[in-house]
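> quick one: sequence plus predicted model below, questions after.
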Protein chains: 2
Amino acid sequence: MRHYSARIIITLKNGVLDPQGKASAGALSGLGFEGVNSVRQGKVMDVELSASDDATARADLAAMCEKLLANTVIEDFEIAALTERQMA
Amino acid sequence: MRHYSARIIITLKNGVLDPQGKASAGALSGLGFEGVNSVRQGKVMDVELSASDDATARADLAAMCEKLLANTVIEDFEIAALTERQMA
């Protein structure tokens, strides 16, 4: 088995309302940050996993997103990084 | 003024307990994903902002993180991407 570090980015699909992002944008303006036009908030998941090879690791990560980590009705997910780790 | 799209990644500092990540890792194992060793959850913020130049945009974004978006006692932040947008 090989050991991997992966970064998954989960963001709201375009057009989906983002109350958290709106609240952050409002608070930033209230703090005097005039230049903020919008804020969209999502999740980042750093996953350490074991898999037989890169392709299997990617497939497992996609399945994890589809089954649990992302709500695929309103969220998109992206495997932003996948690096193999040498175990000490 | 120039218009920018920025991606900010906010993650827990090493050593800080991550109950959400632990819960996700447990749930993934429960769903049959044997290879998951750990999950660390953080936030991603996609910010649209106006600034006079790149350096000012970066400085504003860092100040936004320090004042509001990140809890710098337990979280690290990173400006993962900053791209200028041509307004139509």
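Everything's here; your move.
> how close does the residue of chain A positioned farthest from its centre sit to chain B?
The C-alpha centroid of chain A is most remote from A:G32, which lies 28.8 Å away (CA atoms, centre = their mean). Counting by CB to the nearest CB, to the nearest Å, the gap from A:G32 to chain B is 9 Å. For the C-beta atoms, the positions are set from N, CA and C on the backbone; glycine is no exception.
> sketch out the low-pLDDT regions of chain A for me.
A:88 (pLDDT under 70).
> which stretches of it form strands?
Using DSSP state E, the strands found in chain A span residues A:2-12, A:36-51, A:75-85.
> tell me the residues of chain A that contact chain B?
Chain A comes close to chain B at residues A:1, A:3, A:9-11, A:21, A:24, A:27-28, A:31, A:33, A:35-51, A:57, A:60, A:63-64, A:67-69, as judged by CB under 8 Å from any CB of the partner chain.
> 7 Å instead, please
Contacts of chain A with chain B, taken as CB under 7 Å from any CB of the partner chain, map to A:9, A:11, A:24, A:27-28, A:31, A:33, A:35-51, A:60, A:64, A:67-69.
> only whichever of the residues you listed are buried, select them in ChimeraX.
Buried residues within these, by 16 or more other CB atoms under 10 Å in any protein chain shown, are selected in ChimeraX with:
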select /A:9,11,24,27,28,33,35,36,39,40,41,42,43,44,45,46,47,48,49,50,51,60,64,69
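> picking that back up, how about the residue farthest from the centre of chain A, phi and psi?
Main-chain dihedrals, A:G32, degrees, to the nearest 10: phi 100, psi 10.
> got it, and A:V16?
The phi and psi values for A:V16, taken as degrees, to the nearest 10, are phi -80, psi 130.
> contacts only, for it.
Residues near A:V16 by CB atoms under 7 Å, 6 or more residues apart in numbering or on different chains: A:I74.
> distance of it relative to A:D46?
To A:D46, A:V16 is 24 Å away according to CB to CB, to the nearest Å.
> can you check A:E34 too?
According to CB to CB, A:E34 and A:D46 sit 34 Å apart.
> one step back: columns distance to B:A81 on top of the strands of chain A, output as a markdown table?
Converted to a markdown table, the strands of chain A look like this (distance: least, CB to CB, whole Å):
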| stretch | distance to B:A81 |
| --- | --- |
| strand A:2-12 | 11 |
| strand A:36-51 | 13 |
| strand A:75-85 | 11 |
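> for B:I74, find the nearest of those.
For the strands of chain A, the distance to B:I74 is smallest for strand A:36-51, at 15.3 Å, taking CB to CB.
> the closest one packs against which elements?
strand A:2-12, helix A:19-30, helix A:54-64, strand B:2-12, strand B:36-51 (3 or more CB pairs under 7 Å, 6 or more residues apart in numbering or on different chains; DSSP states H and E).
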